[in-house]
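Colleague: Quick one, fold the following:
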Amino acid sequence: VQLVESGGGLVQAGGSLRLTCVASGLSLDSVAVGWFRQAPGKGREGVATISKSGGDTHYSDSVQGRFTISRDNAKKTIYLEMNNLKPEDTAVYYCAADRTQLWFYRWATDYDYSGQGTQVTVSS
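Modeller: From the prediction side, this is the model:
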């Protein structure tokens, strides 16, 4: 099983990016998925999660209203649409998947599957 993130890059504050996580080796509809991030010198943070069906989403307070998580099970792809980006959003972003549920208080690698991360840098 592999999760491969892409879509990171350098963007100015106020800009947008869309992160993509492509899964292989599993049926995506069998797992809940989420995005997590870690900034240099800062703590790890759960950003967004989405249920297996896509009907239930959760966001951290720091991204609520700016980020949107979605999934396309047929394409085995998870998305994180990030708008109105701020310098404090700078971090390595990881996707994770689990056969049960994801919680913000746990880190990406604590779950069944996680990717290698993609760097997002927001300049002021």
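Colleague: When you work out contacts or count neighbours from here on, use the C-alpha atoms and nothing else.
Modeller: Noted.
Colleague: Check the offset of the strand or helix carrying residue 78 from the chain's centre.
Modeller: Using DSSP states H and E, residue 78 sits within strand 77-82. Strand 77-82 has its C-alpha centroid displaced from the chain centroid by 7 Å (C-alpha atoms, centre = their mean, to the nearest Å).
Colleague: After that strand, which helix or strand is next? Please name it.
Modeller: Sequence-wise, the next helix or strand downstream of strand 77-82 (DSSP H and E) is strand 91-98.
Colleague: in its sheet, what does that next one sit against?
Modeller: With DSSP bridges as the test, strand 91-98 is paired with strand 32-38 (antiparallel), strand 113-114 (antiparallel), strand 118-123 (antiparallel).
Colleague: Can you tell me which of the ones you listed is most buried?
Modeller: A comparison of those by mean neighbour count, using mean count of other C-alpha atoms under 10 Å, puts strand 32-38 on top with a mean of 26.
Colleague: Please name every helix or strand in contact with the helix or strand following it.
Modeller: Following strand 32-38 in sequence order, the next helix or strand is strand 44-50 (DSSP H and E). Contacts of strand 44-50 with other secondary structure elements, assessed using 3 or more C-alpha pairs under 8 Å, 6 or more residues apart in numbering; DSSP states H and E, are made with strand 32-38, strand 57-59, strand 67-72.
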